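[1] This is a predicted model, with the sequence first.
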Amino acid sequence: MTRISRRGFFRTGAAASAGAFLLGKAGLAAPRSKGSVPIIVTDHTNETGKTAVTEAFKILEEGGASLDAVEKGTNIIEVDPEDTSVGYGGLPNEDGIVQLDSSIMDGKTYNAGSVASLENIKTPSSVARLVMEKTDHVMLVGRGALEFARKFGFKEEDLMTSKSREVYLRWLEGKSDRDDWGPPDHLIKPASQGRGSGDGGRGEKYASYRESIEHYHGTTNVLAVDKNGNIAGITSTSGLAFKINGRIGDSPIIGAGLYVDNEVGAAGATGRGEDVIKSCASYFIVMQMRAGRSPQQACEDANQMIIDKYKAIGSDYVPGEKFVAINKAGDYGCSGLKLGGNPKMAVVTADGLKIHEGTLVKP
Ligand code: ASP
């Protein structure tokens, strides 16, 4: 049998779409399962993320549905005011408006819902669930999504916190030295004196605004398998910080930021949404698992596909991405591109909470 290297395989354009099925046949089989169900995972490994999956696991332990568990876990992350990447306290767009994106998919009923550019509602994932369960549509956007949420009694609230407002104002002041944001010129030392001196001179702000922002990117994915083997997932985000008003990322797009197949598993994405959309990354990961790849391998395959797509057009561009996945047997994995370190995920099973370190795919 001719062996095909994974990299070469993805370079052959048409083969990429058929790859899901061919990879399995090429003998690149997944390792034997060490998984257990029920299981719930999230890409969020901070204290809130750990609490979220620990609390949500109680639903699974008691025999509850994966759909309820992922909603509960996501809501805990969405309302955390300290988290500047999701829900309440998420960073706004360039006009200072917080616009949230979220999707939900239920493997058991093969149903999905999502909201995009939703303003003033702290828990967009719960609105997405209602779109899924109470309408014959999959996606609502902007004003329509907000009016829909209002009909169900969601409270409109200012989603900016003092923390996110401060970051936004610093961004406004620092994004250019050719506008009128920031103190008047006569109160600012020349950049030569201000830069690096910590006194907040205009030149210094311009140089350091990116570093001053804690979560320029960020999203949460929560995926679960319940005792009945049903799989559900949610992706929720405030999207790319300072995006153009109305920009929608991958998170509310089924197949991009999230995908669930009840026979196979689930995947979710974080990172530059434009690339996740173009690669249909979550769908691709689930199809790779369907073809026999482990969640870990399938996430790596998606990152490799993105690298290879850019290489094929002669570009060495590499977007920052992180994918997490689980399969029906309770195996899990995560893999990233261009991150500060190896990507991690929080996992809860009957054995308790653990932080799994995945892999960084290098170009
Ligand atoms: N994927 C999100 C988006 O592009 C943002 C992120 O995860 O950083 O909207």
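    The structure has been received and is ready for your questions. Just so it is clear, the structure is predicted and the values come from calculations on it, not from any experiment. Residues are numbered from 1 along each chain as shown.
[2] which residues of the stretch 1-150 of the chain score low on pLDDT?
    1-30 (pLDDT under 70).
[3] quick one: the helices in it?
    6-11, 13-25, 47-61, 66-78, 124-134, 142-151 (DSSP state H, counting those that start in this stretch).
[4] tell me the most buried of these?
    Mean neighbours per residue, mean count of other Cβ atoms under 10 Å, is largest over the helices of the stretch 1-150 of the chain for helix 66-78, with a mean of 27. From N, CA and C alone the C-beta is placed, and that goes for glycine too.
[5] a markdown table for the helices of the stretch 1-150 of the chain, including distance to the ligand?
    As requested, the helices of the stretch 1-150 of the chain are exported to a markdown table (distance: least, Cβ to the nearest ligand atom, whole Å):
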| stretch | distance to the ligand |
| --- | --- |
| helix 6-11 | 22 |
| helix 13-25 | 22 |
| helix 47-61 | 14 |
| helix 66-78 | 13 |
| helix 124-134 | 12 |
| helix 142-151 | 15 |
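[6] can you list these in CSV and add distance to residue 39?
    Converted to CSV, these look like this (distance: least, Cβ to Cβ, whole Å):
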stretch, distance to residue 39
helix 6-11, 27
helix 13-25, 23
helix 47-61, 8
helix 66-78, 9
helix 124-134, 19
helix 142-151, 30
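[7] Spell out which residues of the stretch 251-363 of the chain are next to the ligand.
    Counting by Cβ under 6 Å from any ligand atom, the stretch 251-363 of the chain comes close to the ligand at 251, 270-273.
[8] can you rerun that using 8 Å?
    The stretch 251-363 of the chain has residues 251, 257, 269-274, 276, 320, 322 near the ligand, with proximity defined as Cβ under 8 Å from any ligand atom.
[9] which stretches of the stretch 151-300 of the chain form strands?
    Along the stretch 151-300 of the chain, the stretches classed as strands by DSSP state E, counting those that start in this stretch are 220-225, 231-237, 258-261, 265-271.
[10] Take the residues of the stretch 251-363 of the chain next to the ligand and keep only those in helices.
    Taking DSSP state H, the ones among these that sit in helices are 273-274, 276.
[11] Pull out the buried members of those residues.
    273, 276 (16 or more other Cβ atoms under 10 Å).
[12] so can I have JSON lines of the ones in helices among the residues of the stretch 251-363 of the chain next to the ligand showing pLDDT?
    Shown next, in JSON lines, are these (pLDDT from 0 to 100):
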{"residue": "273", "pLDDT": "96"}
{"residue": "274", "pLDDT": "96"}
{"residue": "276", "pLDDT": "98"}
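[13] And the most centrally placed residue in the chain, what's its pLDDT?
    Among the residues of the chain, residue 270 comes closest to the average C-alpha position under Cα atoms, centre = their mean, at 2.9 Å. We have a pLDDT of 97 for residue 270.
[14] Pull the contacting residues for the residue nearest to residue 221 when sequence neighbours are not counted.
    Distances taken as Cβ to Cβ, 6 or more residues apart in numbering place residue 268 nearest to residue 221, at 2.7 Å, with adjacent residues excluded. By Cβ atoms under 8 Å, 6 or more residues apart in numbering, residue 268 lies in contact with 43, 221-223, 233-235, 257-258, 282, 323-325.
[15] so what's residue 268 bridging to?
    residue 258, residue 324 (DSSP bridges).
[16] what's the distance between it and residue 85?
    For residue 268, the distance to residue 85 (Cβ to Cβ, to the nearest Å) stands at 14 Å.
[17] try residue 66
    Residue 66 is 23 Å from residue 85, by Cβ to Cβ.
[18] In contact with the closest residue to the ligand within the stretch 1-150 of the chain: list those residues for me.
    Minimum separation of the stretch 1-150 of the chain from the ligand (Cβ to the nearest ligand atom) falls at residue 101, amounting to 6.1 Å. For residue 101, the contacting residues are 114-118, 124, 236-239, 248-249, 251-252, 257, by Cβ under 8 Å, 6+ apart.
[19] which of these lies closest to residue 71?
    residue 236 (10.0 Å; Cβ to Cβ).
[20] just checking, the closest one touches residue 79?
    No - applying Cβ atoms under 8 Å as the test, residue 236 and residue 79 come out as separate, 10.9 Å apart.
[21] Quick check: longest helix in this protein by residues?
    Under DSSP H, the chain gives helix 295-312 as its longest helix.
[22] In terms of secondary structure, what does that one contact?
    Other elements packing on helix 295-312 under the criterion 3 or more Cβ pairs under 8 Å, 6 or more residues apart in numbering; DSSP states H and E are helix 6-11, helix 13-25, strand 265-271, helix 273-279, helix 281-290, strand 321-327, strand 332-337.
[23] Dump the C-alpha coordinates for the fifth one into CSV.
    Yep, that's helix 281-290 we're talking about. Taking C-alpha atoms only, helix 281-290 is exported to CSV below (Å, rounded to 0.1, in the frame of the first residue of the first chain):
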residue,chain,number,x,y,z
ALA,A,281,-13.0,23.3,11.2
SER,A,282,-15.4,21.7,13.7
TYR,A,283,-17.2,19.8,11.1
PHE,A,284,-13.9,18.6,9.7
ILE,A,285,-12.7,17.5,13.1
VAL,A,286,-15.9,15.5,13.7
MET,A,287,-15.6,13.9,10.2
GLN,A,288,-12.0,13.0,11.0
MET,A,289,-13.2,11.2,14.1
ARG,A,290,-15.9,9.5,12.1
